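J.: sequence-free structure coming up:
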C-alpha cells in the first residue's frame, strides 16, 4: 500500500509539474511552435489527401484546447492529456483503416486515380488496334492466296485450251474436225492465250537472270547477300571470273528460252549474237549456235500450209516432194521437190506458228529487251541506260519493219528478181536463183534448186573445186559493196548459209557466187548513197573536213570515232585511225578495239542515236562480211575493195556532167590520187602485219 501511495504521489507531482509548465513561458513557446506545425501539417494533409481522396482527422490539438489546459489545475490537466492521447490513438487507427479501404477501392475500380486510368485506356486502345491489324493482315493473306489460286486455275485452264486446240488438229484441212468458220472464231483466242503463255515464260526468265545479277553485283546494304559476308573487290580476278560464269549461265537460259519459243526468238538470238562489243563475250559465244541451229516442223504442217495457200494438195502441185527438210532457218525450212514438168526446185515453207505469234512476240521482245538493259546496265553502266534504251528502240523498230517484210514471201520474190536484174550483164560471177511465180505465195516460195554448191566459208570444198579462198572473199565483198554503193538495194542477211559458191555452169573454170534468202533487203536512196560513198572517199584521202561535214549533217560531232566504228578500226594514241585490217587483227587487236568501245560507250550511243536508220542494216551487213572474210583467212583487204566501189558509185553521177577535157583531166587526177592513197594504206597494212 505504501509503495502504491508513493507511486501515485509521484505521478500526481509529475502531472502537477507538467501543468505548471504549461502555465509558464515554456507553454507560450510551445503554443507558437504548435501554430507553425499545425499550419504545415494542414498544408501537406490537404495536398496528399486531395490527391488520394483521403480525410485526415485533427491529431494535433488546436490553440483553444491548449489555452484551456493552461487554466486547469494539475489533476485536471493530467486527465485532459490522457484523454487527448487516447482520442488521438483512436483517430490514427481509424485513419489507417480508412486509407486501406480507399486504396483497395482504387485498385479494384480503377477510376479514382486519373494517371492509372489513362494508362489503362491507352493499353486497351493499343490492344484493339493490334487486333484490327491482325485481322487486316489475315484478310490480305487470304486474298493473296485466293488470287494465287485463281491465277493458277486460269493459267491451267488456258494451257488446257491450248493443248486441246492443237490436239484436236482442228486447223488441219486433212482432219475430220476441220471447220473453217470455227477455226476463224477460235484462232484469235488461242493466239491471245499462247501470247500470254510465251510472255510469262519470257519475263520470268529475264527476272531470274536479273535477280542473279542483282545478287552478285549489288554490294550495297540493301542486298542481303552481303549482310554476313565480306563485300568483294569488283576488280579482283575472282570476282571477274564469277561474273563471267554468271554471263555464261544467263546466256544458256536465253538459249533454252529462244529454242523453246522458236520463230522470232530465233531471229532475236541471231541478232544478239551479232552485237559484239555491246554485250559480254559469253553471250555472243553461247548464242552464236543459233545461226546454224534452228528447229523444224513436221511434214503434216508443211502439207497443211501448202493446202491453205494454194487450195491444192502437195501431190496435186508437185511430182515429187521430199518430206525431210534440207535446211531450216529462223522462220522457214527448205524442201527439195520436182515440178510436174520435171524441174528440180527448192520449196521454202514458212513455219505455221511464226505469224500466229508475231504480234505478241514482238511486244514481248520489246518489253524483255528493255527489262534486260535496265537489270544489267543499272549495275554496270547506270549513266547510259537512257541512251541504251533509245538505241534499243531503234533496233526494235528496224527489226520489226524488216520482219514484217520478211514474213511475206511475195516481197522476197520481188527482191530476188530485182537483184538478178541489177547484176545481169555486169557480173556473170554472181547468180540469183529463178523464182517460180505460179508456185509462190505469201508463205511458200519456190525457186530454182542449186546443184553442187557449198557454203561460202567451206574452205576445203572451195579448194576441191580448184578455186582460191582469197578470190572468193574478194568476189563476195565486191558483190555486196556494189549493192550498197551502186545499186542502192542491199541484202541484209548475207551470212554464210545464204551465200554459196559453185562452178560457173557456162565456164566451169570460173567460180560463181550464188545468193539466197532475199527476204531482208534495204532500199537506199540516191542522196544517202552518194553521201555515204563520199564519206568513204574522205576516209581514204584523210579529208578531215569532208568527214566532219558529213558527220555534222547527221548530228554526229566525233567524226573520227564514227569512221572508226564504220571501218571497225581502233584509234591510236593520237586519236587517228589505226591501219588494221581483218588479216592482222589478232585477238589482242580485237580486244583493244572492244576496250576502246567500252571506254567511249556514251559517244558510241550518241552516234547510234543520230545515224540514219539505213546504217543499222548496213552495219549488220558489214559485220557479217567482216566475219566471213576472217573465216576465209582474211587474205584480202576488205577496206580497199569497198573504197574502190564507193568511189565508183560516187563518180557515176558526176561522170554525166563531164563534157570538157579539163573536167575529165581533173577527174583522172582525183582518181590517181585516190589510188595512190589506197596503195599507201595497203603498204602500211602490209608493214604492220610483218612487224606483228
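T.: Perfect, I can see it now. Predicted model, so just to flag it, every value in this text is computed and none were measured. Numbering: from 1, shown residues only.

J.: ok, now which ones touch the closest residue to residue 543 other than its chain neighbours?
T.: Among residues not flanking residue 543 along the chain, residue 537 sits closest, at 7.5 Å (C-beta to C-beta, 6 or more residues apart in numbering). Every residue, glycine included, has its C-beta placed from N, CA and C. Counting by C-beta atoms under 8 Å, 6 or more residues apart in numbering, residue 537 makes contact with 543, 546, 643, 646, 647, 650, 674.

J.: mind running it again at 7 Å?
T.: In this structure, residue 537 makes contact with 646, 647, 650, 674, judged by C-beta atoms under 7 Å, 6 or more residues apart in numbering.

J.: give me the low-pLDDT residue ranges for the stretch 501-650 of the chain?
T.: 566-602, 634-635 (pLDDT under 70).

J.: Quick one: which of the contacts of residue 537 is the most crowded by neighbours?
T.: Scoring these on neighbours with other C-beta atoms under 10 Å, the highest-scoring entry is residue 646 at 24 neighbours.

J.: Would you mind measuring from that one to residue 499?
T.: 21 Å (C-beta to C-beta, to the nearest Å).

J.: Check residue 177 too.
T.: The value you get for residue 177 to residue 499, if C-beta to C-beta is used, is 44 Å.

J.: what's the helix or strand containing residue 624 packed up against?
T.: Assigned by DSSP states H and E, residue 624 falls within helix 614-631. Helices and strands touching helix 614-631, by 3 or more C-beta pairs under 7 Å, 6 or more residues apart in numbering; DSSP states H and E, are helix 385-406, helix 469-482, strand 489-491, helix 638-654.

J.: What's the biggest helix in the chain, counting residues?
T.: helix 114-168 (DSSP state H).

J.: I'd like the average pLDDT over it.
T.: In this model, helix 114-168 has an average pLDDT of 82.

J.: Neighbours of residue 565, how many?
T.: The burial metric for residue 565, expressed as a neighbour count using other C-beta under 10 Å, is 22.

J.: give the contact list for it.
T.: 604, 607.

J.: measure it to residue 606 for me?
T.: Between residue 565 and residue 606 the distance, using C-beta to C-beta, works out to 11 Å.

J.: Ok, residue 220 next?
T.: According to C-beta to C-beta, residue 220 and residue 606 sit 30 Å apart.

J.: still on that earlier bit, can you tell me the helix or strand for the residue nearest to residue 543?
T.: Going by DSSP H and E, residue 537 is in helix 526-541.

J.: after that helix, next one along is what?
T.: Reading on from helix 526-541 to the C-terminus, the next helix or strand found by DSSP H and E is helix 544-554.

J.: Next, the angle helix 544-554 makes with the helix or strand that comes right after that following helix.
T.: Reading on from helix 544-554 to the C-terminus, the next helix or strand found by DSSP H and E is helix 559-567. Helix 559-567 runs at 80 degrees relative to helix 544-554, counting by axes from the mean of the first three to the mean of the last three C-alpha atoms, to 10 degrees.

J.: related to what we said a few turns ago, give me the distance between the helix holding residue 624 and the centre of its chain.
T.: Averaging C-alpha coordinates over helix 614-631 and over its chain gives two centres that are 26 Å apart (C-alpha atoms, centre = their mean, to the nearest Å).

J.: Residue 488 and residue 521: what is the separation?
T.: Relative to residue 521, residue 488 is positioned 11 Å away (criterion: C-beta to C-beta).

J.: When these two are compared, which one has more neighbours?
T.: Neighbour count, other C-beta under 10 Å: between residue 488 and residue 521, residue 521 has more, with 23 against 18.

J.: Quick check: phi and psi on that one?
T.: Taking degrees, to the nearest 10, you get phi -130, psi 160 for the backbone angles of residue 521.

J.: which secondary structure element contains the nearest residue to it once chain neighbours are set aside?
T.: Distances taken as C-beta to C-beta, 6+ apart put residue 415 closest to residue 521, at 4.6 Å, once the chain neighbours are dropped. Residue 415 belongs to helix 409-423 when elements are defined using DSSP H and E.

J.: Determine the set of other helices and strands touching that helix.
T.: The criterion is 3+ C-beta pairs under 7 Å, 6+ apart, and the helices and strands that helix 409-423 contacts are strand 444-448, strand 489-491.

J.: starting at the chain centroid, how far to the next helix or strand after that helix?
T.: Next along the chain after helix 409-423, taking DSSP H and E as the criterion, comes strand 430-431. From the chain centre to the centre of strand 430-431 is a distance of 43 Å (C-alpha atoms, centre = their mean).

J.: Quick check: mean pLDDT of strand 430-431?
T.: Strand 430-431 shows an average pLDDT of 96 in the prediction.

J.: That strand: partners in the sheet, and parallel or antiparallel?
T.: Looking at strand 430-431 with DSSP bridges, its partner strands are strand 511-515 (parallel).

J.: The partner strand vs helix 409-423, what angle?
T.: Per the same axes, to 10 degrees, the angle that strand 511-515 makes with helix 409-423 is 150 degrees.

J.: quick thing: my sequence starts at 6, can you match it?
T.: Yes, from this point I'll number from 6; that puts the last item at strand 516-520.

J.: and strand 516-520 with strand 449-453, angle?
T.: Computed by the same axes, to 10 degrees, the angle between strand 516-520 and strand 449-453 is 170 degrees.
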